[in-house]
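Q: show me how the following folds:
(2 chains)
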Amino acid sequence: MTSGEESSEATDAGGFDVPEALARAAPAGLPLNALTRPGVTASLVLLAAHYRAVREGLAAAGAASS
Amino acid sequence: MTTFALSATELAAAIRAGKLSASQAVQDALARIARLNGRINAFTRVLADEALHSAAQVDAGLARGMDMGPLAGVPFAVKDLFDVAGQVTTAGAAIRLRSPPADADAAAVERLRAAGGILVGTLNMDEFAYGFVTQNVHFGTTFNPHDTARLSGGSSGGSAASVAAGMVALALGSDTNGSVRVPASLCGVFGLRPTHGAVPLEGTFPFIDRLDTVGLFARSVADLRTSFSVLSGAAVEVGLPGAARAARLGGWFRHGADPDGLAGLDAAAAALGAIDVVDLPLAALGRSAGFLITAFEGGRRHQASLSTHAMEFDPATRDRLIAGALLPGGLLGDAERAAALFVAELEAALETYDLLLAPATPSPAPSIAEGTLWMNGEAVPARANLGLYAQPISLAGVPVLTVPLARSGRLPFGIQLIAARGREALLFSAADALVSAGAAAFSWPVLAEASA
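A: Okay, here's the model as predicted:
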């Protein structure tokens, strides 16, 4: 996959739950504000797409985690 | 004698022969940096007084008949993530400016100095080495010497640009996911990512421990060979026979690549007898795995700083690191298993073939204003895609030599020569063969020629 990380495409990329990841920011002391939220969200969407690709690849290879 | 155009080994030979002093070589380098750095922005710090002092010591030693080392009197510079005694190691980050100066040189810097090299300054990079563009909100953009409207590549962009522009003959960088190979390709210089661990990382600011590799840039293969020998502490065999078994990587490593660049790669491959095309079907999986491992471990490395000083980070780095710090913990194991699958596939190919060839970047240097490169007729973000062909290879820790194709009148385009661990000598021999065949060459940028 090429990386459209500066776009907001594929919000349902699906490797993990992006809203759930965003919710971890406050407990971890990481700032989500008007300046950071768009970029962090776009990055998480891209990472979720990569994670979905990894899980699919592992499943295809029969190497998925239990 | 015009010294800027000499390679490191030529400079060292001239100084050893008494045709040139180390002091003169350093003065020439400092003058050229002063002339060009305003346009290129490769250097973050010039250590003029220290360099001239070191050069005088080399000259004094040579005058007494001492062996001052294979790089005696050769000016070099280092990416600003190598510790330099007495200087703050910024790693391209403003928040690091408050850190204390380094107590000692990084091991690689120490080894180059012990071989007679003269450190003249530190070089620009993406913040914390997390990028392929060397666009740094704190220290500025490093511009490509071949066209200052274009990216130099990153994260070791200052290193590649300084060598391409003739400010130094030799520069250190680092390569985690492609940070030597990408800027070497875009700036048209030779760049070596050695076998992981072959050159000590001690005294470098870390990014991803399992992938970080000290790398180097030069305008000739001989310079890389000599410098790698110094840095690794191992003799490098010269004159190996050409690679008997070489192949081009297909599939992922050709999909979307610049057709003109691919034609050049194919011509270079033919010169090495590399007719076969090998597909690595798991390369996309490897790329995703590398992307995730980097985000996960990078995010956790910087989480504490982000929780207190996030708004002092470069926004382009900050948001990706925060995202990485928010990834679920279970993801890393899956990414590692995926990486292992691809590495096994690559290592199997390197049992069949001594040498594999692939583009180092999808395209020549992208325009800074556009920030995109073209793949399959589509403009995609340069920042996220310049490392597509370099990143998966990084996972295997194998040595890769980026070679500039001979492309008269066109922007540089580099190819990766990939071998099994510990086979740097084979890479040097293959690169020599490409130069001899006229398939690879360093070309001076017009900017540098105009202001020589």
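Q: okay, CA-based contacts and neighbour counts for the rest of this
A: Fine.
Q: secondary structure element for residue B:199?
A: Using DSSP states H and E, no element contains residue B:199; it sits outside every helix and strand.
Q: next, the contact list for it, please.
A: B:108, B:213-214, B:231-232 (C-alpha atoms under 8 Å, 6 or more residues apart in numbering or on different chains).
Q: what about chain B, any weak spots by pLDDT?
A: Low-confidence segments of chain B (pLDDT under 70): B:1, B:239-244, B:448-452.
Q: cutoff 90 now
A: For chain B, applying pLDDT under 90 flags the ranges B:1-2, B:234-244, B:376, B:384, B:408, B:446-452.
Q: near chain A, which residues of it are found?
A: Counting by C-alpha under 8 Å from any C-alpha of the partner chain, chain B comes close to chain A at B:284-285, B:288-289, B:291-292, B:303, B:306-308, B:310, B:315, B:318-320, B:322-324, B:326-328, B:331, B:334-335, B:337-338, B:380-381, B:384-385, B:388.
Q: if any of these are buried, put those into a PyMOL selection.
A: Per 16 or more other C-alpha atoms under 10 Å in any protein chain shown, the buried members of the residues of chain B next to chain A correspond to this PyMOL selection:
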select buried, chain B and resi 284+285+288+289+291+292+303+306+307+310+315+318+319+320+322+323+324+326+327+331+334+335+337+338+380+381+384+385+388
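Q: now residue B:336, nearest residue through space, not along the chain?
A: Sequence neighbours aside, residue B:289 is the residue nearest to residue B:336 in space, at 6.8 Å (criterion: C-alpha to C-alpha, 6 or more residues apart in numbering or on different chains).
Q: farthest from the middle of chain B: give me that residue.
A: The C-alpha centroid of chain B is most remote from residue B:64, which lies 36.2 Å away (C-alpha atoms, centre = their mean).
Q: now for that one: which residues touch it?
A: By C-alpha under 8 Å, 6+ apart, the contact list for residue B:64 is empty.
Q: returning to what we had before: among the residues of chain B next to chain A, which ones are in helices?
A: The helices, defined by DSSP state H, take in B:284-285, B:288-289, B:291-292, B:303, B:306-308, B:315, B:318-320, B:322-324, B:331, B:334-335, B:337-338, B:384-385 from these.
Q: re the thing from before, and the residue nearest to residue B:336, how far is that from residue B:159?
A: With distances taken as C-alpha to C-alpha, to the nearest Å, residue B:289 is found 27 Å from residue B:159.
Q: can you pull the contacts of the residue nearest to residue B:336?
A: Contacts for residue B:289 (C-alpha under 8 Å, 6+ apart) come out as A:50-51, A:54, B:335-336, B:338-339.
Q: make JSON lines out of these and add distance to residue A:17.
A: Below are the contacts of residue B:289 laid out as JSON lines (distance: C-alpha to C-alpha, whole Å):
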{"residue": "A:50", "distance to residue A:17": "13"}
{"residue": "A:51", "distance to residue A:17": "11"}
{"residue": "A:54", "distance to residue A:17": "15"}
{"residue": "B:335", "distance to residue A:17": "17"}
{"residue": "B:336", "distance to residue A:17": "20"}
{"residue": "B:338", "distance to residue A:17": "20"}
{"residue": "B:339", "distance to residue A:17": "22"}
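Q: which one of those residues is nearest residue B:223?
A: Residue B:223 has its nearest neighbour among the contacts of residue B:289 in residue B:339, at 32.8 Å by C-alpha to C-alpha.
Q: does that closest one touch residue B:285 like I think?
A: Yes - taking C-alpha atoms under 8 Å as the definition, residue B:339 is a contact partner of residue B:285 at 7.3 Å.
Q: now do stretch B:11-23: distance to the chain's middle.
A: Using C-alpha atoms, centre = their mean, to the nearest Å, the mean C-alpha position of stretch B:11-23 is found 27 Å from that of the whole chain.
Q: which parts of it are buried?
A: Neighbour-count burial for stretch B:11-23 flags B:11-16, B:20-23 (criterion: 16+ other C-alpha under 10 Å).
Q: in the top helix by length along chain A, what counts as buried?
A: Using DSSP H to define each element, chain A has its longest helix at helix A:37-61. Within helix A:37-61, the residues that count as buried by 16+ other C-alpha under 10 Å are A:37-58.
Q: next, count neighbours for residue B:85.
A: Counted with other C-alpha atoms under 10 Å in any protein chain shown, residues neighbouring residue B:85 total 15.
Q: can you check residue B:254 too?
A: Neighbourhood size, residue B:254 [other C-alpha under 10 Å]: 18.
Q: returning to that earlier point: pLDDT averaged over the longest helix of chain A - what is it?
A: Across helix A:37-61, pLDDT averages out at 96.
Q: close to chain B, is that helix?
A: Yes - judged by C-alpha under 8 Å from any C-alpha, helix A:37-61 comes into contact with chain B through A:37, A:39-41, A:43-44, A:47, A:50-51, A:53-55, A:57-58.
Q: residue of the stretch 51-200 of chain B closest to chain A, please.
A: Taking C-alpha to the nearest C-alpha, chain A has its nearest neighbour within the stretch 51-200 of chain B at residue B:131, 12.6 Å off.
Q: same thing with the stretch 151-300 of chain B?
A: For the stretch 151-300 of chain B, C-alpha to the nearest C-alpha, closest residue to chain A: residue B:288, 5.0 Å.
Q: most centrally placed residue in chain B?
A: With distances taken as C-alpha atoms, centre = their mean, residue B:180 lies nearest the centre of chain B, 2.2 Å away.
Q: contacts only, for that one.
A: Residues in contact with residue B:180, defined by C-alpha under 8 Å, 6+ apart, are B:154-156, B:160, B:173-174, B:191-193, B:215-217.
Q: repeat that for 7 Å
A: Applying C-alpha atoms under 7 Å, 6 or more residues apart in numbering or on different chains, we find residue B:180 in contact with B:156, B:173-174, B:191-193, B:215.
Q: among the residues you listed, which are located in strands?
A: Under the assignment DSSP state E, those contribute B:173-174, B:191-193, B:215 to strands.
Q: quick one: the residue of the stretch 151-300 of chain B closest to chain A and residue A:50 touch, right?
A: Yes - using C-alpha atoms under 7 Å, residue B:288 is in contact with residue A:50, at 5.0 Å.
Q: what do the two both touch?
A: Counting by C-alpha under 7 Å, 6+ apart, no residue touches both residue B:288 and residue A:50.
Q: so how many other residues sit close to the residue nearest to the residue of the stretch 51-200 of chain B closest to chain A when sequence neighbours are not counted?
A: With C-alpha to C-alpha, 6+ apart as the criterion, residue B:131 has its nearest non-adjacent residue at 5.3 Å, and that residue is residue B:155. Each residue near residue B:155 was counted by other C-alpha under 10 Å, and the total is 34.
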